[in-house]
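[1] need coordinates for the following:
(one chain, ligands or ions: 1)
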Amino acid sequence: VSPMSSSHDEYSLKHMGNLMGSRRPKAGDDGEQSLIGHPSWDPATGGDLLDQDAPTTGFVYLLSFFSALGGFLFGYDTGVVSGAMLLLKKEMNLSNLWQELLVSSTVGAAALSSLGGGSLNGWLGRRICIILASFIFTVGGIVLSVAPDKEVLLVGRIIVGLGIGIASMTVPVYIAEISPPHQRGQLVTINSLFITGGQLIASVIDGAFSYMSHDGWRYMLGLSIVPAVLQFIGFFFLPESPRWLIQKGRSQEAREALSRIRGGQSIDSEYDTIKTSIEEEEKEAGGGGLVILRILHHGPTRRALIVGCGLQMFQQLSGINTVMYYSATILQMAGVRDDKLAIWLAAATSATNFIFTLVGVWLVERVGRRKLTLGSLIGTGLSLALLAVGFLLSAMNSPPVTLHPVGSQNSTCNLYSSCEFCMLDPACGFCYRDNGTTVYNASCVPVNQKSTDHASWGRCSNQTEASDSLFWAYNYCPTSYSWIVLMGLLLYLACFAPGMGPMPWTVNSEIYPLWARSTGNACSAGVNWIFNVLVSLTFLHVAEFLTYYGAFFMYTGLVVLALLFVQGCLPETQGLQLEEIENLFTGQLCSCGVSSPSDNRHIHYIRVKGNNRLLSESDASDVE
Ligand SMILES: O[C@H]1[C@H](O)[C@@H](O)[C@H](O)[C@@H](O)[C@H]1O
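    Below is the predicted model:
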């Protein structure tokens, strides 16, 4: 007999064609509410859940804000370096190798510490890990702002990376664990909003301080201390995740934390539901042994891990960080000549990323994770194709080399017949005159080893000869198609930011049962950072081998693969209790997508006894 016997009709409830046998009836699902009658009955446990549609307390927002400062620092520290580098390379006379080291050491350190963050998280708890990360950010910020030489800078960048790794895997988990289910997606996505917000503020600060050629970089790198200290202090007064406390058997503290987070609402049923599910999960997965091995041996968690890591891998393979880290360079490649203009246009691209992540925050609980990710991928693929076409048109209309100055005979640069080929060779640059409509008197000459701002000899080798019509193009070709590339870039970010940007983080914070959550998130965040290093470090080389349009066609292809993966394997997690989500992964991996509950709400009510006042006579078939 169903617990609906509180109404006088007796029905048994059968969920069919739905892997989520325990999906909680949700107000607003057509017809369900009137039939189910008891809005807070939970079919999984037979007990009451907290009313999921109750307003989220202000305290939950406060907690999410303070945790998401970790996301802000992640965005700020990865974003600020491109502008800082422009000044640093001049002031410290940095070689290319040192520039690469300073950029990628942070990302590499983040990869390592996110992997290690898993055990740290399980051991010390989410709160201590967040405090630790903000402490590391503060120390890193101080080291960077006072660094006397490049070696100390490198140490500072590594320290900051260690903080980013821990924050990137802990914060989404913490927010997911304190949120009520109906708002979890939105609140975790706020962390991604803070990441892109951090990148935006970083690019604006870069723009502003780029005018301060001496020591401007100290401010750029050091300003991150402010949010880090704020988070450090704030978290001393904020509670630990109740789910982690329950897992550690600290029941009394867990109750207190939960009740504080729920603003004094009754927490008994939520507490019991969580506790029972955690105990069941633990039993099912068999205790003992290394968590990662248990995850791999247990079907549902293994499948969740594949989905989680796959999403993070494809997020990076769709090329976001070639766009975020190299947007100024890409714009120059596309023909934007002025340095400062390129920096500010790069800030505009960060702003687009931020604004459209906001759209994601708004959409995630309206359309769900799955549709948002799929839609985002389709748009991302199309805009990458547009970017590629822009570069292809520029290449096809690349101005020819018309001048072969005396003295250039021995250089390989002299062999190139057009700007496109000349530009793809890092040793050469294109020196030309432009009367506003046509390029003329163009030559391909070696670049100055010390500064790519000049040629090593000839008309483009010194400023004094520079006139209004004489230009030196290193890294780009004059073209009338840069607007297509700029449009492609903006469109790319507008499509990527609401879905593929935040959803991998959001979904990962939800899909693992508690015992596997820290380790699962550590692995998937590690995958994210490893592919981040791979893609961002190889971008310029890939472009050199495949040309720019080739590189962007390649990313388009990878996005098509991502689309197939998400279509086949990503289930919908919207609105479910964290403890219910494991059931989504009980079927075969590639059936996950097919049976997402939001697409498949065929709940069948079979009449057992009595009259149904709500249905007509012919409803005896009882199919909703
Ligand atoms: O979700 C974030 C976001 O999209 C950022 O813009 C990007 O730089 C990160 O790599 C990514 O993980």
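
[2] residues near Arg302, how many?
    Per other C-beta atoms under 10 Å, the neighbour tally for Arg302 reads 16. In short, each C-beta sits where N, CA and C put it, glycine included.

[3] now the closest residue to it other than its chain neighbours: how far from Asn121?
    What sits nearest to Arg302 in space, not counting adjacent residues and going by C-beta to C-beta, 6 or more residues apart in numbering, is Leu296, at 5.3 Å. Remark: distance between Leu296 and Asn121 (C-beta to C-beta, to the nearest Å) = 19 Å.

[4] check Leu293 too.
    From Leu293 over to Asn121 (counting by C-beta to C-beta), the distance is 18 Å.

[5] coming back round to it: okay, Leu296 and Asn121: which has more neighbours?
    Higher neighbour count among Leu296 and Asn121: Asn121, with 25 against 13, using other C-beta under 10 Å.

[6] host element of the more buried one?
    helix 96-124 (DSSP states H and E).

[7] tell me what that helix is packed against?
    Contacts defined by 3 or more C-beta pairs under 8 Å, 6 or more residues apart in numbering; DSSP states H and E place helix 96-124 against helix 58-79, helix 81-91, helix 126-146, helix 150-178, helix 514-569.

[8] tell me which of those approaches Arg303 most closely.
    helix 514-569 (8.0 Å; C-beta to C-beta).

[9] now the closest one and helix 58-79, what's the angle there?
    70 degrees (axes from the mean of the first three to the mean of the last three C-alpha atoms, to 10 degrees).

[10] quickly compare the helices and strands packed on helix 96-124 and say which is most buried.
    For the helices and strands packed on helix 96-124, the largest average neighbour count (mean count of other C-beta atoms under 10 Å) is found in helix 150-178, namely a mean of 26.

[11] starting at the chain centroid, how far to the helix holding Asn121?
    Taking C-alpha atoms, centre = their mean, to the nearest Å, the mean C-alpha location of helix 96-124 is offset from the chain mean by 16 Å.

[12] repeat for stretch 76-87
    18 Å.

[13] and for stretch 535-551?
    Chain-centre distance of stretch 535-551: 22 Å, with C-alpha atoms, centre = their mean.

[14] show residues contacting it.
    100, 103-104, 107, 316-317, 319, 321-322, 325-326, 333, 388-392, 394-395, 420, 424, 426, 553-554 (C-beta atoms under 8 Å, 6 or more residues apart in numbering).

[15] change it to 6 Å
    Applying C-beta atoms under 6 Å, 6 or more residues apart in numbering, the external contacts of stretch 535-551 come out as Ser104, Gln316, Asn321, Thr322, Tyr325, Ala388, Phe391, Leu392, Leu424.

[16] returning to what we had before: of the helices and strands packed on helix 96-124, which shows the lowest average pLDDT?
    In terms of mean pLDDT, the lowest-scoring of these is helix 81-91 (a mean of 82).

[17] need phi/psi at Cys444.
    Main-chain dihedrals, Cys444, degrees, to the nearest 10: phi -110, psi 120.

[18] tell me who's in contact with the nearest residue to it once chain neighbours are set aside.
    Nearest residue to Cys444 in three dimensions, chain neighbours excluded: Cys422, at 3.7 Å (C-beta to C-beta, 6+ apart). Cys422 is in contact with Tyr416, Cys428, Phe430, Cys444, counting by C-beta under 6 Å, 6+ apart.

[19] between the helix or strand hosting Glu365 and helix 81-91, how many degrees?
    Per DSSP H and E, Glu365 falls inside helix 339-367. Interaxial angle, helix 339-367 versus helix 81-91 (the same axes, to 10 degrees): 160 degrees.

[20] so for whichever helix or strand comes after helix 339-367, mean pLDDT?
    Next along the chain after helix 339-367, taking DSSP H and E as the criterion, comes helix 369-396. Per-residue pLDDT over helix 369-396 has a mean of 94.

[21] restricting to C-alpha, output whichever helix or strand comes after helix 369-396 in PDB.
    Using DSSP H and E, the helix or strand that follows helix 369-396 towards the C-terminus is helix 419-424. Extracted in PDB, the C-alpha atoms of helix 419-424 (Å, rounded to 0.1, in the frame of the first residue of the first chain):
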ATOM      1  CA  CYS A 419      52.400  36.600 -45.800                       C
ATOM      2  CA  GLU A 420      50.600  33.400 -44.600                       C
ATOM      3  CA  PHE A 421      53.700  31.200 -45.000                       C
ATOM      4  CA  CYS A 422      56.000  33.900 -43.700                       C
ATOM      5  CA  MET A 423      53.900  34.400 -40.600                       C
ATOM      6  CA  LEU A 424      53.700  30.700 -39.800                       C
END
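
[22] in three-state terms, how would the residue of the stretch 251-400 of the chain found nearest the ligand be classified?
    Nearest residue of the stretch 251-400 of the chain to the ligand, counting by C-beta to the nearest ligand atom: Met324, 4.6 Å away. Using DSSP: H, G, I helix; E, B strand; the rest coil, the structure places Met324 in helix.
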